[in-house]
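Novice: can you look at this prediction? I've put the sequence above it.
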Amino acid sequence: MQRRAADKETWPDKLDVTAAGHLAAGEGVVDGLRELEEELGLRVEPEELIPLGTRRIEQEISAGCDREFHEVFLLVRSLSPEDLRLQKEEVAAVLRLRLDDVEALYEGMEIFAEECSGRGASTGSVRLADFVLPDEDHLLRVARAARAYLADERPATFSNRPPPKTGPPVV
């Protein structure tokens with residue numbers, strides 16, 4: 001997970017997925033790999049990614065209504081904090097959570113996580129309320145998929161993308 005920079009316009013200092021960004025018109029999902037390099041300093045090849053599905057978001061933010069589709073992937077790679085170069089405008093720190101502890105978060109418990117920033121590493125407590133969109137189960141679903149993958153099981157994919165419309169196009 002990452003702690004968003006304190007001066008971000010939306011959800012400053014909140015915990016969020018490890019890397020994310022917006023695609024320009026005409027770009028494909030693979031173009032989004034640049035976000036991993038920009039935010040975390042990681043070069044990732046498309047074949048390293050394990051697709052988990054599509055997540056649809058619709059929420060009110062200060063600038064209006066935010067509607068997005070998120071293509072969700074796992075990256076399974078052994079990393080240490082020294083392998084990362086955090087983009088300070090975007091990422092204040094990265095956190096390492098145990099997969100089993102994610103379940104505890106959704107049971108209302110406070111957990112401990114290792115947090116690494118440019119100032120070093122520390123251990124601190126984390127609650128579900130510390131996350132962007134704490135009322136949805138996205139993090140829990142991703143943790144369960146990661147646990148399945150690591151157990152040599154096929155991770156459950158998910159999609160909350162609406163089904164395609166049938167009939168004539170609406171103008």
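Specialist: Nice, thanks for sending it over.

Novice: residue boundaries of the strands in the protein?
Specialist: In the chain, the segments counted as strands under DSSP state E are 2-4, 15-16, 49-61, 64-75, 91-96, 111-117, 120-126, 158-159.

Novice: pipe these into JSON lines and attach mean pLDDT per row.
Specialist: Formatted as JSON lines, those follow (pLDDT from 0 to 100):
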{"stretch": "strand 2-4", "mean pLDDT": "94"}
{"stretch": "strand 15-16", "mean pLDDT": "92"}
{"stretch": "strand 49-61", "mean pLDDT": "83"}
{"stretch": "strand 64-75", "mean pLDDT": "83"}
{"stretch": "strand 91-96", "mean pLDDT": "94"}
{"stretch": "strand 111-117", "mean pLDDT": "94"}
{"stretch": "strand 120-126", "mean pLDDT": "91"}
{"stretch": "strand 158-159", "mean pLDDT": "68"}
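
Novice: nearest to G28, out of the ones you listed?
Specialist: Smallest distance to G28 across the strands of the chain (CB to CB): 9.6 Å, for strand 64-75. The C-beta positions use only the backbone N, C-alpha and C, and glycine is treated the same way.

Novice: which other residues reach the closest one?
Specialist: 20, 22, 29, 32, 36, 44, 48-60, 142, 145-146, 149, 155, 158, 161 (CB atoms under 8 Å, 6 or more residues apart in numbering).

Novice: let's see it at 7 Å
Specialist: Residues outside strand 64-75 that contact it (CB atoms under 7 Å, 6 or more residues apart in numbering) are 20, 29, 44, 48-59, 142, 145-146, 149, 161.

Novice: please apply the same query to stretch 146-157.
Specialist: I50, P51, L52, G53, L74, V76, L99, A145.

Novice: in PyMOL, how would I select just the buried ones from the residues you listed?
Specialist: Buried residues among those (16 or more other CB atoms under 10 Å), as a PyMOL selection:
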select buried, resi 52+53+74+145
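
Novice: what is the burial count for H22?
Specialist: 8 (other CB atoms under 10 Å).

Novice: from D66, how far off is it?
Specialist: 11 Å (CB to CB, to the nearest Å).

Novice: so which bits of the longest helix that the chain contains are buried?
Specialist: Longest helix in the chain by number of residues (criterion: DSSP state H): helix 138-150. Neighbour-count burial for helix 138-150, counted by 16+ other CB under 10 Å, picks out H138, L139, R141, V142, A143, R144, A145, A146, Y149.

Novice: same check on stretch 26-41?
Specialist: Neighbour counts using 16+ other CB under 10 Å place G32, L33, E35, L36, E38, E39, L40 of stretch 26-41 among the buried residues.
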